[in-house]
Structure formats: C-alpha cells, structure tokens
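# missing the sequence, but the structure's below:
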Ligand code: HEM
C-alpha cells in the first residue's frame, strides 16, 4: 500500500478501496501477462541475443544453411531467432524433424509464404504455397493421380527421350570440336525442355516451343533468384505495403510475362482441339489439367484457370532448377573422384553396353548410379532448409513452446551431415547407400530428407527420379569428362532457395561409345 500511496498521493487523487482493488488487480494481471508473454511455459527455444526491433537480422550470414549449423553448435539442435518481428525456429536433428514432420505433421503442414511467392502464383494458388486444406488436397490428388502416376510418366517417355537424344547430339558436337561446355547451362536447357515438353509439348507447335523456351529461360532464373532474396516486407509485415526493395513489384512483372506465356500455350491447345477434335486422349499435363477443370467444374472445390496456371508454374519453376543443380553436383563430384566415375561407367557398360544407348528402362538396373544420386542429395540437398513450414496452432517441440505461425526451418543440410548418424559425414561415399538400401526418398528416415517428409513432401519425386537418373546415366555412358586447362573444379556451394555450385562446372565431353551413330 505504501508504494501505491507514493504513486497516488492522497492530495492528488483520492481513491476508494474499490478503485485500489481494481488497480491492484489490473497491475497484477498486467505484470502476469507481461511475464507470460515474454516467456511462455515451457519457454521458447534458446537462441542468440538480438538487437531491439531488428532482432538477429543484422547478424544473418547469407549462407543460411552453414550459419544455422554453426549456431546449433552453440545453442543446441533447436534454437530461435527474431528476424525483425518474425519469430523463426531452426531445427537441426533427426528426432526434432520427426516430431514436426511425423508426430505433428498436420499442425505443421502449412508453408510460410513469402510475399514474392504470392505475387507469382496468383496469390498463392499453387501446390507449394496453398495452405493445408481442401484446395491443396484437391490439387495434390490431381497431380499424384494424373500427372505423376506411373502410367502418365510412362506415356511421356518419348518426349523425354527426344530431348535427351538432342542434348547428346549437341554435346557430341562440342566434344568433336574440343569445345568445353558449361554443364549447368546445358542441363538447365535440357531440364527446361523436358519439363516444357511434358507440360504442353502436345499442345504447342514445335516451332513455337523454341521461342517459348528462350522466354522461359530468363524468367525462371529470375523468379528463382527473387524468391531467395530476403525481403524486409516479410520480416516487418507492417511495412509490406511500401515494398521497400521493390521485390514484389519486380515479381509482378515476371508474373505478367509468365502469365502471357501460359495464356499463349492454353490458347494454342484450345485452337488445336477445336481444329482436330477431342479424341479423349491427353497428350501433355496441360491437357490433363484442362480436362479436369472441365470435369470438376461443379465439384465443391473446382479447379479454376488460375489453379491450372499456378500448377504449371510450380512444375516448370520447381522442377527445372532443382533437377539441374542436382545433376551438376553429381557430375562435379564424379569428375573430382575418377575412381567413382570409373565404377559408375563400368556399371553402365555392363548393363547398357558400349554399343547401345541408355533407355529409361535401364535405370532400375543401375544401383550404383542410384547410390551416387542419393549420396549427392545427402551432401548437397537441393532445398537445404526445406520450404519453411508454419504451425497453425501453438505447439511443443523438443520440450519448447513453438507459437502459432512461427517460421520453421528444418536444416536438412546439417541433419544429413550429422556425425552422430553418418560415418565420415563430409566425405562423398556412394557405397554407403548400397548397404543402406532402405534409405530412400520417401522421407521415412528422418536422417535423410532431401525431398522433405510427411504431407508436404515433394510432389514431383517420381518425375525427378526419372529425369535425373536418365539424364545422368546418358551423360556418364556417352562421354568421359575432363576439366579443360584454365578452368577449376570447385565443389563449394552457394546458398539460395535452391542450392548450387558457387563456381559453375565447365568440362569437356569426350565421346566414349563404339560408334558415332549412337550420338545421332
Ligand atoms: C532433385 C529434385 C528435387 C528435389 C530435391 C525436390 C525437393 C523438394 C522439397 C525439399 C520440397 C519441400 C518439402 C517440404 O516443404 O517439406 C519440395 C516440394 C515440392 N516439389 Fe520438389 N524437388 C525436386 C524436384 C521436383 C520436381 C521435378 C517437381 C515437379 C515437376 C517438384 C515439385 C514440387 C512441388 C509441387 C512441391 C510442393 C509440394 C507441396 O507443398 O505439397 N519437385 N520439393
């Protein structure tokens, strides 16, 4: 009472006992609320101290995957950061990943959507960014059943084969001319053409495919780059409407270009259909999606034209860079380990033969090449922190409180190099996967998650596996690879929404098959 009387001396304000009681209660509740808000019970995860308002933002290293791994060494496998006003939690161990992606999968099944992503996906209408719910389930089901089913993927083999033969021919020419190639650039074109052929190759005229490809090339790279740029508006939602870095504005411009390309593809498809009639057969993904759109028009969750475009966007942006960079890492590792390269080529020579060409049907008989791919995705997981997840309700993870809407990074890069799980964790040893056959891409082993796990696991695994293994087997079977004078082979990575080599791989393809006919 004496403290209160000092604050409110009798001669200034006279208070009734009732008012005193209200004041005391209010102060007590305020203090309790303050204490409770600052430190929930159980507490938030530990983490490095930040500055007022900006939190830990000024200390972020652009290579987030290695920075987070270092922070885990001092703060433990789960820690928090305040990125502006955004609470962020980073998880770095298999058991914590399993708590989130298995035990509490539904609660953590939303992705945290950056504003640039919203700008390029018709407001977040695609598979990657839709929140977990009826709309997402409908699209996911459609993609699994119609686009990524074994039947559909088999039916598009000729489209993939045509593109791979074309690239082999082009590399053969380069080899004859002793002209080194930028492996990533070649692969990007291959993957983009593979994707475009499957997406709308049956609908868009061949002569138009090339110009669409040229337009797409620039747009895809820029979209992927912009998605990886830290945006002040995401860290301070109050500032979002000012778009201080102009990132959302730029993304809207790319979205407009992309939309025009998609509109043209759809228009051509509709013109072809009205000219040739609809024989009921779907020749590409676009035709599948448009058919479903017509069939499902009256369903509770109809597929709209924007869904169709957003899903196509997902495939071409999500599928191209991830597959390209993965193969580039494999090639760099094998070129720097000639013994392993020899073993991979030996397997191909035994299974395919030197007087033959690789077909997609061979890939199930190439366990060593599969082990090489798995080991590459262990050391260089293409999406090293997964797509950030977000709990829809406050949760407990590792004994700590994780408030609703926290941004969650699952540091797959550090989990897949965890010395408690992996022997010689930083060494490239594909053989480990020959013994550990059960370790696959399904995300059921929480020490190996290159495609994620649970409900939001990558939707395109079946396609990625086919495209990557078929391309890789062809590159290794058809050519020996050397680093030309004046170039270096450097395996250092560069962080981005998709991990890539810091120094692009430049190599010389040397034809190794018995007859030049196998290149034409
Ligand atoms: C090496 C190749 C690839 C890797 C390593 C990869 C990895 C991933 C990862 C880690 C995620 C996020 C999982 C999560 O948030 O928990 C993801 C999501 C996704 N990926 Fe892939 N991906 C690859 C290729 C592809 C391809 C070829 C496609 C399609 C053409 C594709 C389509 C998608 C889609 C649509 C999602 C969102 C799924 C959802 O949120 O429901 N990916 N991918």
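Sure thing, it's come through. Computed from a prediction, not measured in an experiment: that's the story for all the values here.
# Show me which positions of stretch 465-483 end up buried.
465-481, 483 (16 or more other CB atoms under 10 Å). Just so you know, the C-beta spots here come from the backbone N, C-alpha and C atoms, and that holds for glycine as well.
# what do you get for stretch 345-360?
345, 347-348, 351-352, 356-358, 360.
# try stretch 401-416
For stretch 401-416, by 16+ other CB under 10 Å, it's 401-402, 406-416.
# Show the contacting residues for the residue of the stretch 401-520 of the chain found nearest the ligand.
Per CB to the nearest ligand atom, residue 460 is where the stretch 401-520 of the chain lies closest to the ligand, at 2.3 Å. Going by CB atoms under 8 Å, 6 or more residues apart in numbering, residue 460 touches 148, 315, 318-319.
# re earlier: I'd like the buried residues of stretch 345-360 as TSV, with secondary structure and pLDDT appended.
Output for the buried residues of stretch 345-360, formatted as TSV (DSSP: H, G, I helix; E, B strand; the rest coil; pLDDT from 0 to 100):
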residue	secondary structure	pLDDT
345	helix	98
347	helix	98
348	helix	98
351	helix	98
352	coil	97
356	coil	95
357	coil	96
358	coil	97
360	helix	96
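# Give me the helix or strand of this protein that scores worst on average pLDDT.
helix 2-7 (a mean of 33; mean pLDDT, DSSP states H and E).
# if we can go back for a sec, mind putting the buried residues of stretch 345-360 into JSON lines with distance to the ligand?
Shown next, in JSON lines, are the buried residues of stretch 345-360 (distance: CB to the nearest ligand atom, whole Å):
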{"residue": "345", "distance to the ligand": "22"}
{"residue": "347", "distance to the ligand": "21"}
{"residue": "348", "distance to the ligand": "21"}
{"residue": "351", "distance to the ligand": "23"}
{"residue": "352", "distance to the ligand": "23"}
{"residue": "356", "distance to the ligand": "27"}
{"residue": "357", "distance to the ligand": "23"}
{"residue": "358", "distance to the ligand": "19"}
{"residue": "360", "distance to the ligand": "15"}
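# ok, the residues you listed vs residue 137, which is closest?
Using CB to CB, residue 360 comes nearest to residue 137 of those, at 30.4 Å.
# Show the contacting residues for that closest one.
By CB under 8 Å, 6+ apart, the contact list for residue 360 reads 157, 160-161, 466, 470.
# and the closest residue to the ligand within the stretch 201-350 of the chain, how many neighbours?
Closest to the ligand within the stretch 201-350 of the chain is residue 319: 3.1 Å, counting by CB to the nearest ligand atom. As a burial measure, residue 319 scores 23 neighbours (other CB atoms under 10 Å).
# in which helix or strand would I find it?
For residue 319, the host element (DSSP states H and E) is helix 305-336.
# Report the buried residues of stretch 126-137.
Within stretch 126-137, the residues that count as buried by 16+ other CB under 10 Å are 126-130, 132, 135-136.
# so how far is that stretch from its chain's centroid?
16 Å (CA atoms, centre = their mean, to the nearest Å).
# pLDDT below threshold where in the stretch 351-500 of the chain?
When residues are selected by pLDDT under 70, none of them lie in the stretch 351-500 of the chain.
# tell me which parts of it are close to the ligand?
Contact residues, the stretch 351-500 of the chain versus the ligand (CB under 6 Å from any ligand atom): 382-383, 386-387, 450-452, 456-460, 463-464.
# okay if I get the residues you listed as a markdown table plus secondary structure and distance to residue 212?
Shown next, in a markdown table, are those (DSSP: H, G, I helix; E, B strand; the rest coil; distance: CB to CB, whole Å):
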| residue | secondary structure | distance to residue 212 |
| --- | --- | --- |
| 382 | coil | 25 |
| 383 | coil | 26 |
| 386 | coil | 31 |
| 387 | coil | 27 |
| 450 | coil | 30 |
| 451 | coil | 28 |
| 452 | coil | 30 |
| 456 | helix | 30 |
| 457 | coil | 30 |
| 458 | coil | 25 |
| 459 | coil | 23 |
| 460 | coil | 21 |
| 463 | helix | 20 |
| 464 | helix | 22 |
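# what's the closest of these to residue 110?
residue 456 (8.4 Å).
# okay, now the closest one: neighbour count?
22.
# helix, strand or coil for residue 513?
Three-state call for residue 513 (DSSP: H, G, I helix; E, B strand; the rest coil): coil.
# related to what we said a few turns ago, farthest pair in the buried residues of stretch 126-137?
Most distant of these, by CB to CB, are 126 and 132, 13.8 Å apart.
# Was I right to think residue 100 contacts residue 91?
Yes: shown here, residue 100 and residue 91 form a contact pair, counting by CB atoms under 8 Å, at 6.4 Å.
# joint contacts of these two?
Between them, residue 100 and residue 91 share the contacting residues 397, 408, 410, judged by CB under 8 Å, 6+ apart.
# Got phi/psi on residue 427?
With angles defined as degrees, to the nearest 10, residue 427 sits at phi -90, psi 150.
# next one: residue 473
phi -60, psi -40.
# quick one: it and residue 138, what's the gap?
Here the criterion is CB to CB, to the nearest Å. By it, residue 473 lies 36 Å from residue 138.
# what does residue 441 give?
The gap separating residue 441 from residue 138 is 24 Å, by CB to CB.
# just residue 311 next, same as before
Using CB to CB, one gets 11 Å for the distance from residue 311 to residue 138.
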